[in-house]
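Asker: prediction below, plus the sequence it came from.
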Amino acid sequence: MLGPLEAKGKEHTVTYPATFEVPTSDPTTGLLTSAYYRHVLQNELIPQARETGEPMTVFMLDLDGFAAVNQIHGRASGDELLAAVAALLREIMPSGAVLARYGGDEFAGALPDTRLDDAFTQMEEFRRRVAAQAFDEYPDLRTTSSAGLAAYPANGATDVELMREADQALYFAKSTGRNKVSLPLTDSRMVTKTSHYTATQLERLSRLGKTLKRNEAGLLREALDDVLKKYNDQLGQAPKE
């Protein structure tokens, strides 16, 4: 009878090692591998968020129509695009973000100490930057991205639950037109915010946030407060300060 680490071939028995080291980073992008990312999320980030009570948001994203990039421009262009996307993620996401190439043209990440609304504004900036990205060597190469978000602990208390929620939100973004960022489907605001604002509005909001050194989500809440105050007489109650 074979042991648990042995496999019987036609002519010989192969014995596998009890342990085997695997890479923790992806060679094309320099981001974490999916297996190591899930390890960090499960064993470090979620326990830390549970202990401190601080928020955390995870995301799943992929590039729209990436297969066509390889077919039209070649494998080298696809690898260059993936590396450029990884560089954008590092630039835009918070310094404490844990980022991974999840497989193919799919990426994942965890943003400790980041609320869902704040993660949305960061991911929305990333989406705009991907759509505007250009390559000197491939002048006709353009792509967009779609993303889904999930928040700990509101949308899941384990890595499996969080990644499932984020993946479902990603599917929603892809199936409703692509080039979108979607909130978790269990969130009452599940309709993508990208659908509510024009690209010009979102771009100006981003510029205003950078100029004032303010968070975009805070600016949106401030604007909503002003609207509610303006139409307070139609609400029939005094505004809450």
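Answerer: Sure thing, it's come through.
Asker: which residues does the spatially most central residue of the chain contact?
Answerer: Taking C-alpha atoms, centre = their mean, the centroid of the chain lies closest to F59, which sits 3.1 Å from it. The contact partners of F59, by C-beta atoms under 8 Å, 6 or more residues apart in numbering, come to A108, G109, L111, A119, M123, A147, G148, L149, A150, A166. Placement of C-beta: from N, CA and C, glycine included.
Asker: and the helices in this protein?
Answerer: Using DSSP state H, the helices of the chain run over 34-40, 46-52, 66-73, 75-92, 116-132, 159-175, 199-212, 216-230, 232-235.
Asker: and P139, which of the ones you listed is closest to it?
Answerer: Closest approach to P139 among those (C-beta to C-beta): helix 66-73, 10.4 Å.
Asker: and for that closest one, what's in contact with it?
Answerer: If you take C-beta under 8 Å, 6+ apart as the criterion, helix 66-73 is touched by L63, S77, G78, L81, G104, D105, Y138, D140, L141, T143.
Asker: the same query, at a cut-off of 6 Å, please.
Answerer: Applying C-beta atoms under 6 Å, 6 or more residues apart in numbering, the set of residues contacting helix 66-73 from outside is G78, D105, Y138, L141.
Asker: closest to L170 out of the residues you listed?
Answerer: Checking the contacts of helix 66-73 against L170 by C-beta to C-beta gives D105 as the nearest, at 12.0 Å.
Asker: would you turn the contacts of F59 into TSV with neighbour count, pLDDT and distance to A35?
Answerer: Shown next, in TSV, are the contacts of F59 (neighbours: other C-beta atoms under 10 Å; pLDDT from 0 to 100; distance: C-beta to C-beta, whole Å):
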residue	neighbour count	pLDDT	distance to A35
A108	26	98	11
G109	26	98	15
L111	26	97	20
A119	28	95	23
M123	25	95	23
A147	29	96	21
G148	28	96	21
L149	27	96	22
A150	29	97	20
A166	27	96	17
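Asker: JSON lines for those residues, including distance to Y36?
Answerer: Formatted as JSON lines, these follow (distance: C-beta to C-beta, whole Å):
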{"residue": "A108", "distance to Y36": "11"}
{"residue": "G109", "distance to Y36": "13"}
{"residue": "L111", "distance to Y36": "17"}
{"residue": "A119", "distance to Y36": "21"}
{"residue": "M123", "distance to Y36": "22"}
{"residue": "A147", "distance to Y36": "21"}
{"residue": "G148", "distance to Y36": "21"}
{"residue": "L149", "distance to Y36": "21"}
{"residue": "A150", "distance to Y36": "20"}
{"residue": "A166", "distance to Y36": "18"}
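Asker: against H39, how distant is the residue nearest to the centre of the chain?
Answerer: Going from F59 to H39 by C-beta to C-beta, to the nearest Å gives 18 Å.
Asker: next one: I46
Answerer: Per C-beta to C-beta, I46 is found 11 Å from H39.
Asker: so between the two, which is more surrounded?
Answerer: Using other C-beta atoms under 10 Å, the more surrounded residue of I46 and H39 is I46, with 23 against 14.
Asker: count of neighbours near the closest residue to L89 other than its chain neighbours?
Answerer: Closest residue to L89 apart from its sequence neighbours, by C-beta to C-beta, 6 or more residues apart in numbering: L99 at 5.2 Å. Using other C-beta under 10 Å, L99 has 20 neighbouring residues.
Asker: how about S25?
Answerer: Using other C-beta under 10 Å, S25 has 13 other residues around it.
Asker: in a markdown table: the contacts of helix 66-73, plus distance to L88 and neighbour count.
Answerer: Listed next are the contacts of helix 66-73 as a markdown table, based on distance: C-beta to C-beta, whole Å; neighbours: other C-beta atoms under 10 Å:
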| residue | distance to L88 | neighbour count |
| --- | --- | --- |
| G78 | 16 | 23 |
| D105 | 14 | 21 |
| Y138 | 16 | 16 |
| L141 | 15 | 17 |
